[in-house]
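[1] sequence and predicted structure are below.
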Amino acid sequence: MIAYLKGKIIFKGEKSCFVLTPGGVGYEVFFSPRAMQHLPDTDQEVEIYIYTVIREDTLDLYGFFTREERDTFAILLGIPKLGPKLGLAVLNCFTPAQLSQLVAAEDEKGLTAVPGIGAKSARRILLDLKDKLQFMPAATTPKTQTASSPSVFDDAVAALLSLGYNSQEIIPVITEVLAREPDLDVAALIREVLKRQNKRLK
């Protein structure tokens with residue numbers, strides 16, 4: 001099983017890139033949309049952790065920038081009926097630490113922010129993950145909307161969605177802001193999120 005790759009990016013697509021190793025072997029590696037945005041440019045070197053998914057007719061490689069992300073992806077794939085596409089979608093919305101906090105808080109609504117996960121699936125996934133994400137240190141886990149202020153989080157999400165943002169784009173930012181400033185009210189939280197989004201667009 002391939003677990004790690006180091007090489008040069010020779011092609012970047014919408015969902016994957018080709019990595020050419022020093023030995024002259026090229027691999028196609030799939031990433032989450034958020035991870036694709038942080039990949040180096042073509043002809044640049046990259047080092048990535050790999051999770052290999054082997055099926056009857058395919059062998060796919062999924063890439064991650066940290067071993068923690070790779071290990072979390074592996075845990076997610078251990079859940080019945082949760083495949084690689086949905087696993088990447090979860091990690092596109094939440095970091096491993098944020099996901100660990102969602103599980104600890106039993107935050108079903110927070111998990112439904114992931115496209116493809118409804119309330120019933122969220123309950124099942126949280127139950128399956130309950131005893132599997134304890135390897136993540138609680139002290140370094142950011143506070144999320146549930147741990148600090150559910151109503152503030154929900155109201156901010158609703159307001160930003162009404163402005164045209166999508167859940168995948170704003171939920172990680174809201175979570176990050178609340179982790180740093182858990183006492184913000186809705187208006188202040190929205191202002192801070194918009195400020196960060198505007199900086200990213202410049």
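    Arrived safely, thanks for sending. Numbers count the residues shown, from 1 in each chain.
[2] pLDDT on the strand or helix carrying A97, on average?
    Assigned by DSSP states H and E, A97 belongs to helix 96-105. Helix 96-105 carries an average pLDDT of 86.
[3] summarise which helices and strands that helix is packed against.
    helix 67-77, helix 119-129, helix 145-148 (3 or more CB pairs under 8 Å, 6 or more residues apart in numbering; DSSP states H and E). The way it works is simple: take the backbone N, C-alpha and C, and place the C-beta from them, glycine included.
[4] quick one: contacts for I50?
    Shown in contact with I50 (CB atoms under 8 Å, 6 or more residues apart in numbering): 2-5, 29, 61-64, 70.
[5] for it, grab phi and psi.
    phi -120, psi 140 (degrees, to the nearest 10).
[6] can you classify the nearest residue to K6 once chain neighbours are set aside as helix, strand or coil?
    Of all residues not flanking K6 in the chain, E47 sits nearest, at 4.7 Å (CB to CB, 6 or more residues apart in numbering). Classification of E47 using DSSP: H, G, I helix; E, B strand; the rest coil returns strand.
[7] show me what contacts E47?
    E47 touches 4-6, counting by CB under 8 Å, 6+ apart.
[8] pick the one among those residues closest to K132.
    Taking CB to CB as the measure, K132 sits nearest to Y4 out of those, at 22.5 Å.
[9] just the pLDDT at that closest one, thanks.
    93.
[10] how many neighbours does it have?
    11 (other CB atoms under 10 Å).
[11] okay, it and F153: tell me how far apart.
    As judged by CB to CB, to the nearest Å, Y4 and F153 stand 36 Å apart.
[12] and what of F64?
    Applying CB to CB to F64 and F153 gives a distance of 26 Å.
[13] how about A188?
    Distance from A188 to F153, by CB to CB: 13 Å.
[14] between the two, which one's more packed in?
    The residue with more neighbours, out of A188 and F153, is F153; 24 against 14, by other CB under 10 Å.
[15] which one's the longest helix in the protein?
    helix 186-201 (DSSP state H).
[16] for it, give me every contacting residue.
    In contact with helix 186-201 (CB under 8 Å, 6+ apart) are residues 152-153, 155-156, 159-160, 165, 169-170, 173-174, 177-178, 181, 184.
[17] tell me the one among these nearest to Y51.
    For those, the nearest to Y51 is E169 (24.8 Å; CB to CB).
[18] could you find the closest non-adjacent residue to that closest one?
    Q197 (7.8 Å).
[19] can you get me a residue count around the one you found?
    15.
[20] how about D155?
    Neighbours of D155 (other CB under 10 Å): 16.
[21] contacting residues around it?
    So D155 contacts V186 (CB under 8 Å, 6+ apart).
[22] quick one: it and A104, what's the gap?
    23 Å.
[23] next structured bit after the lowest-mean-pLDDT helix or strand in the chain?
    The weakest-scoring helix or strand in the chain, judged by mean pLDDT, DSSP states H and E, is helix 145-148 (a mean of 38). Per DSSP H and E, the first helix or strand lying C-terminal to helix 145-148 is helix 150-162.
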